[in-house]
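**Q** Could you work out the structure for the sequence below:
(2 chains)
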Amino acid sequence: MLGAVWLIPAFPLVGALVLLAFGRRLGEPLAGWWATLCCAGAFGAGVVTFVGLLQRHEANREFLFHLWTWLPVGSFTVDVGFLVDPLSMTMVLFITGIGALIHLYSVGYMHGDRDFPRFFLYLNLFVFAMLLLVLGDNLVLTFLGWEGVGACSYFLISFWYTDMPNSVAGKKAFVTNRVGDWGYMLGTFLLFQALGTLTYVARDGSGFLQRANTLEVSTATGVALLLFVAACGKSAQLPLYVWLPDAMAGPTPVSALIHAATMVTSGVYLMVRIAPVLAVASPWMPTLIAWVGALTALFAATVAVSQRDIKKVLAYSTVSQLGYMFLAVGSGAYVAAIFHMITHAFFKALLFLGAGSVIHGVGGEQDMRRMGGLKKWMPVTAGTFIVGWLSIAGVPPFSGFWSKDEILLNAWQKSPALWVIGLITALLTAYYMSRQVFMVFYGESRIGSDRPVEVEVAADADAPVPAAVGDAAVAAGAGDAHDPHGSHGDPHESPWTMTVPLVVLAVLAAFGGLINLPFHGWEFLADWLRPVVGPYEADVTVSAVGKVVLAADATISGLAGIGVGYLVYLRHRLRPVEPDLLLHAYHYDEALAVVVGDGGTQVAEALAFADKAGIDGAVNGTGTLMQVAGRRLRVLQTGYVRSYALAIAGGAAAALVWFVIRAGV
Amino acid sequence: MTEPGFPLLTSLVVVPVVGALLVALVPRSRPEIARLVGVATSAVVGALSIWMLTQFDRHDGDFQFTAQYKWIERLGISWHVGIDGISLFLVVLTAVLFPIALAGVKPHHDTKSYTAWLLVLEAGCMGVFVALDLFLFFVMFEIVLVPMYFLIGGWGYGERVHAATKFFLFTMFGSAFMLVGIVATAWLHQRASGGPITFDLVTIAQSQSIAATSARWLFVSFAIAFAVKVPLFPLHTWLPDAHTQAPTAGSVILAGVMLKLGTYGFLRFGLYLFPAAAVWAAPVLVTLAVIGITYGAVVAAVQRDLKRLVAYSSVAHLGFIVLGTFALTNQGLTGGVLQMINHGVSTGALFLLVGMIYERRHTRMISELGGLQRPAPLLAGAFMVVMLSSIGLPLLNGFVGEYLILLGSFATRRWWTVVAAAGVILAAVYLLWAYQRVFHGEPDEANASMPDLNWGEGLILAPLLAAIIFIGVYPKPVLERIEPSVERLVAHVEEHSSYRQPIPPLPTPPNATGSSSSGDGKGGGE
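**A** Numbering: from 1, shown residues only, chains lettered A, B, ... in the order given. Here you go, the predicted model:
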């Protein structure tokens, strides 16, 4: 059964190739159904492989599948081969499972788009690359997937390419990720030099993870640091997060699949995968990861509080939740990181798809100030969205509660300061998500209003400029305002292809916590992942009572966030705090654009000018020589190749002179 | 290797010459016949090279298909030809690119002379890659200048005469140094070894009898010629003009084949001929290469002319090749040789595509293009694949070369590599930005009506796209033919200098009793 592993990536690859060749002929909706089927096929193959692995004894759950030798150069060999172990199979299952649901959803969402088949081609290609990333048995193959998902992300962000902001956003994502890739490549070089291999595990025990304990501390730290740079790029952590909010320019299913559930978690996967290296690295390395994660979580959560675009809120929320996962990794809580990755995939995919359904239903509007009261028109979307909201807010017993609690517990173990940051973030998360739910689904309908109706108390004097014109970061998101339905009139519920995935994801978001409850005998995920990360997990020494107190704190902070949100945005008892500073994400992105973008362009222009001046300088500076040569070349051009011979003879003469001098020496 | 029953390599040089003579016999009033003869001749050469590829013994790192004929006996000059894994794919690349360039691009006037010059150019390029005699090499190295000068000057664009002149002067400047170097090499070799004078590359390289200091001077004289040709920063300024003003076929050949004369020269007449001197000069060359990588990329980013942008990207890409070469490790050199092929394929395709856009829109200015993906999705798709290959995306050819180069250079030139790897970021910046401005956005009236690729153009691009994907997915057949020769070359350098290639540890199990090493970095004991 484990031999079926090659089928997992083969399904979406075949899907993509067929769409490449016949996509236009298949057309709508056949191309979409075909792609969905291929992704579902991958999920099926994943389940078969998973069962095969499950049947093995715990100590024996590792299966290597070799396809062909990719790069053989001297002692450096890279194979195309798959590593089937609990970690990779966990990733495969939720990637293909959620992937299939989002494919199905897209059949409805992309209805009427002129590039319908092309969309599914990219989507299948993305799933293929993502599966290579997690299944690859070495760092180079993972890098292949890593770059592949990056390219697909680029294709899909700039999918509606006739709008320039979409194209700009796509490019920004690609380039920012390349900064991370720089770290990735150097990390692999350093590792190869130290251990002579980039294979994770090998049958003979020569894989670098198996021999990580032979690494010098400094080398291990260097490798971990460089790969963490890569992870910061892909998983949108400070300071490289800037591309993710703009990536919302892509169609909403893309935001759900790539920029929430799967691709952006690659960095977390990579860090968990190299846990043995992190264990050898200097202690400051995991601490750095934890702090970057915690600060990113807090930073993005504060920004989310002020966003008006329904997708931007979710984008910053994703950045924030990814920060949680890195906080977990840095705290040595690898299982908690993966656990939160899974539950987050459930509820954030749900929230994004819900947002997409809303956008679809109200005719392309994304500004939450022009929504409101949608509950009565879109009951399924509203109901499922509420499940997602409660889950991300950490309300028990929804899935998010369990995974977030696990992370906070480990953060406490690492450092109370990290725990405090995590707790504040949890409160903010509950608050901004409540804000979103109340603004979109509750209250009075503000749909179709020409001017955005301010939700604030009327007394609020300095009402911000509508739609923040001129803000590149915000403008990019506006690219999503596509409207294939040309709808005027009342909002409407989405077709079944869109609501069915919502319902399925709502169930998963509600009960997903069951895969790892913190009670003895219920820690399925921890048991399942033990062969991979067990030895590197930090010990939690908090007493049972302490754990309950911590969990209670987390719950209270979540409920408090919801409560404040309720008072502000539903009852209007309190004035909302939405400072411009936060709307503009502390102007970080804009400053970066000025320094790197404009500054870089100026430097480049200056160099280009110097290059041109250099040419002219070289040409003019040689003055007479040039003229003589020019005359001679004019002769040449008229056909007298003799002058060419003459030139050679001149060179030969110089040679002779040189000889004489040389011989004289 | 099975000995071919006829002088294969010699015929690779001679057949295009014969073709050129045939073209010269065609009456001027029948350009279509001239074109047909040209395409047919280059196709024959292409077929011969493919046959040669199948006959090549991949376990043998030594020269194969060697042949030696007397030429100027008194001076020890002979027609000595042969190829190894380093030149094998360059010969194939040349033989494949020429028919593509000939069939893919129609000249606007005087088809006859144009075709004849291209065939002469092919003969010269082939000659460079197969020559194992210093004098023969020099003759071939110089011959290519003449047809390229006329191609740029006669069939180029706006400032073609200026560009052609500059191209000619720059390369002549380098060649003068090389000529001095070649004559001196033969002479000093004779004086040191006491035998008869010879220009035979293998003999001189194997004996290594020239004194160390002299060898350094000689290396420098060769290096200047090659550095101009590559081109290495700061000798690159002829390239943007020549590339931009050359006709499309000229740009394809210039970028695809002729730039490799320099990088190939560094390998064959730098490392092989003067190993110790090459080790001595490596820091300088690696530094210039890294400057070229970043400088070329930065300057490319702000070019307003699409062709000029591609030209500057070549400066960056060729920098990678030189970095790999003078990293002096198996991986770096193998990656460098592969990258020569990759650059030829990708940049050749890129110039073809730019040429196709120019034929339709009569402009290369980026600002006048825009939104082309809507009217021409196939062209956009082909451009995207080629561009991603140039950026170095895995599963496409560019990644394999670049990754191996950087992996190899990291071992000996760590900090240079750290900077060079940033070139990977910059490549994404300038190419994606160009793509965005040319293909994305809403097309204006002139751009909206641009026709997409036709069948003929698709067929021209197909082999290049196939090569891009094949080398990216399954580079093993290529790498395993390059590597034995690279290993020999590195061993040769180690034998004649104090340099030792750093050997990464073998991946052995923690407490292994028996050795289970699968691949050995050094030795090459075949």
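
**Q** Give me the three-state assignment for residue A:69.
**A** Recorded secondary structure, residue A:69: strand (DSSP: H, G, I helix; E, B strand; the rest coil).

**Q** Let me know how buried it is, in neighbour terms.
**A** When counting by other CB atoms under 10 Å in any protein chain shown, one arrives at 18 neighbours for residue A:69. Using the backbone N, CA and C atoms, a C-beta is placed for each residue, glycine as well.

**Q** Can you pull out the low-pLDDT segments for chain B?
**A** For chain B, applying pLDDT under 70 flags the ranges B:1-5, B:510-526.

**Q** all strands for it, in order.
**A** Assignment of strands within chain B using DSSP state E yields the ranges B:64-72, B:77-83.

**Q** Point out the most buried one among the ones you listed.
**A** Among the strands of chain B, judged by mean count of other CB atoms under 10 Å in any protein chain shown, the one packed with the most neighbours on average is strand B:77-83 (a mean of 22).

**Q** And the contacts of that strand?
**A** Taking CB atoms under 8 Å, 6 or more residues apart in numbering or on different chains as the criterion, the residues outside strand B:77-83 that touch it are B:9-10, B:13, B:52, B:56, B:63-72, B:91, B:129-133, B:135-136, B:199-202.

**Q** Which residues does stretch B:193-213 contact?
**A** Residues contacting stretch B:193-213 (CB under 8 Å, 6+ apart): B:63, B:75-78, B:80, B:131-137, B:182, B:185-190, B:192, B:218, B:268-269, B:272-277, B:492, B:496.

**Q** what about 6 Å?
**A** Stretch B:193-213 has contacts (CB atoms under 6 Å, 6 or more residues apart in numbering or on different chains) with B:76-77, B:80, B:132-135, B:186, B:188-190, B:192, B:272-273, B:276, B:496.

**Q** of those residues, buried ones?
**A** The neighbour count (16 or more other CB atoms under 10 Å in any protein chain shown) marks B:76-77, B:80, B:132-135, B:186, B:188-190, B:272-273, B:276, B:496 as buried among the contacts of stretch B:193-213.

**Q** for whichever strand or helix holds residue A:401, packing partners?
**A** With elements delineated by DSSP states H and E, residue A:401 resides in helix A:399-414, which encompasses its position. For helix A:399-414, the helices and strands in contact under the criterion 3 or more CB pairs under 6 Å, 6 or more residues apart in numbering or on different chains; DSSP states H and E are helix A:310-330, helix A:334-361, helix A:379-392, helix A:416-441, helix A:544-565.

**Q** okay, the angle between it and helix A:334-361?
**A** An angle of 140 degrees separates the directions of helix A:399-414 and helix A:334-361 when computed by axes from the mean of the first three to the mean of the last three CA atoms, to 10 degrees.

**Q** Flag every buried residue along helix A:399-414.
**A** A:399-414.

**Q** where do the helices sit along the stretch 151-300 of chain B?
**A** Listed in chain order, the helices of the stretch 151-300 of chain B (DSSP state H, counting those that start in this stretch) span B:160-193, B:201-207, B:212-229, B:238-245, B:248-253, B:259-265, B:275-301.

**Q** Which positions in the stretch 301-450 of chain A make contact with chain B?
**A** By the criterion of CB under 6 Å from any CB of the partner chain, no position of the stretch 301-450 of chain A is found lying close to chain B.

**Q** Taking the stretch 301-450 of chain A, what residue is nearest to chain B?
**A** In the stretch 301-450 of chain A, the residue found nearest to chain B is residue A:364; the distance is 17.9 Å by CB to the nearest CB.

**Q** I'd like to know how many residues surround that residue.
**A** The criterion is other CB under 10 Å. On that basis, residue A:364 has 16 neighbouring residues.

**Q** just checking, what packs against the top helix by length along chain A?
**A** Looking only at chain A and at elements set by DSSP state H, the helix with the highest residue count is helix A:7-54. Contacts of helix A:7-54 with other secondary structure elements, assessed using 3+ CB pairs under 6 Å, 6+ apart, are made with helix A:86-109, helix A:116-135.

**Q** can I get those helices in CSV with mean pLDDT and mean neighbour count?
**A** Compiled in CSV, those are given as follows (pLDDT from 0 to 100; neighbours: other CB atoms under 10 Å in any protein chain shown):
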stretch, mean pLDDT, mean neighbour count
helix A:86-109, 92, 26
helix A:116-135, 94, 27
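
**Q** which residues does the residue lying closest to residue A:414 once chain neighbours are set aside contact?
**A** Distances taken as CB to CB, 6 or more residues apart in numbering or on different chains place residue A:331 nearest to residue A:414, at 4.0 Å, with adjacent residues excluded. Contacts for residue A:331 were tallied using CB under 6 Å, 6+ apart; they are A:290, A:410, A:411, A:414.

**Q** Distance to residue B:466 and pLDDT for those residues - can I get that in JSON lines?
**A** Shown next, in JSON lines, are these (distance: CB to CB, whole Å; pLDDT from 0 to 100):
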{"residue": "A:290", "distance to residue B:466": "48", "pLDDT": "94"}
{"residue": "A:410", "distance to residue B:466": "51", "pLDDT": "92"}
{"residue": "A:411", "distance to residue B:466": "52", "pLDDT": "92"}
{"residue": "A:414", "distance to residue B:466": "53", "pLDDT": "90"}
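
**Q** Could you report the neighbour count for the residue in the stretch 201-350 of chain B that chain A sits nearest to?
**A** The minimum distance from the stretch 201-350 of chain B to chain A, using CB to the nearest CB, falls at residue B:330 (3.9 Å). Counted with other CB under 10 Å, the neighbours of residue B:330 add up to 26.

**Q** Isn't it up against residue A:72?
**A** No: contact between residue B:330 and residue A:72 fails when scored by CB atoms under 6 Å: they sit 10.9 Å apart.

**Q** Need the three-state assignment for residue A:491.
**A** Applying three-state DSSP to residue A:491 yields a three-state assignment of coil.

**Q** Could you tell me what pLDDT the model assigned to it?
**A** Model confidence at residue A:491, given as pLDDT, is 82.

**Q** where's it relative to chain B, distance?
**A** Counting by CB to the nearest CB, to the nearest Å, the gap from residue A:491 to chain B is 29 Å.

**Q** which ones are touching the nearest residue to residue B:58 once chain neighbours are set aside?
**A** The spatially closest residue to residue B:58, leaving aside those adjacent along the chain, is residue B:481, at 4.6 Å (CB to CB, 6+ apart). The neighbourhood of residue B:481, defined by CB under 6 Å, 6+ apart, consists of B:58, B:85, B:88.
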